[in-house]
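**Q** this is a predicted model, with the sequence first.
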Amino acid sequence: MNSKNNARVYKMSFASVYPHYIQKAEKKGRTKAEVDEIIFWLTGYNAKTFQQHLDNKTNFEDFFNKAKINPNASKITGVICGYRVEEIEDKLMQQIRYLDKMIDELAKGKIMEKILRK
């Protein structure tokens, strides 16, 4: 991944991408509530703090920098967008890809217990 593309992603508003996560899940019979549960698990946000980020159109960089990333996030492994998430050196991009990977697993029908690395 090149840093120019990373910078572009970091400045995107999380609120602009969030509907795509929901759409991807709902197309496969999953729910917005499950998408939110994944986001809350990964970031430590709750419904109120998450809604504030959506309302403020927080960019990805600030969204993840202000999050309390779940200590079990390091258990998220596998390939997303052609990259092994566990090998991504840029911490912020790795966190973004963790979320992508978890949403992907949701859409593929994995049970929540496994997605949340319980």
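**A** Happy to help now that I have it.
**Q** buried stuff in the helix or strand hosting Tyr10?
**A** According to DSSP states H and E, Tyr10 maps onto helix 3-11. If you call a residue buried by 16 or more other Cβ atoms under 10 Å, then helix 3-11 has these buried ones: 6, 10. From N, CA and C alone the C-beta is placed, and that goes for glycine too.
**Q** with stretch 77-84 instead?
**A** Those would be 80, 83, for stretch 77-84 by 16+ other Cβ under 10 Å.
**Q** do stretch 38-56 as well
**A** 38-43, 45, 50, 53.
**Q** nearest to Ala67 among those residues?
**A** Thr43 (3.7 Å; Cβ to Cβ).
**Q** what sits against that closest one?
**A** The contact partners of Thr43, by Cβ atoms under 8 Å, 6 or more residues apart in numbering, come to 50, 63-64, 67-70.
**Q** now do Ala47
**A** Ala47 neighbours (Cβ under 8 Å, 6+ apart): 36, 40.
**Q** show the pLDDT at Glu87.
**A** With respect to pLDDT, Glu87 scores 95.
**Q** out of the buried residues of stretch 38-56, which sit inside helices?
**A** Mapping the buried residues of stretch 38-56 onto helices (DSSP state H) picks out 38-43, 50, 53.
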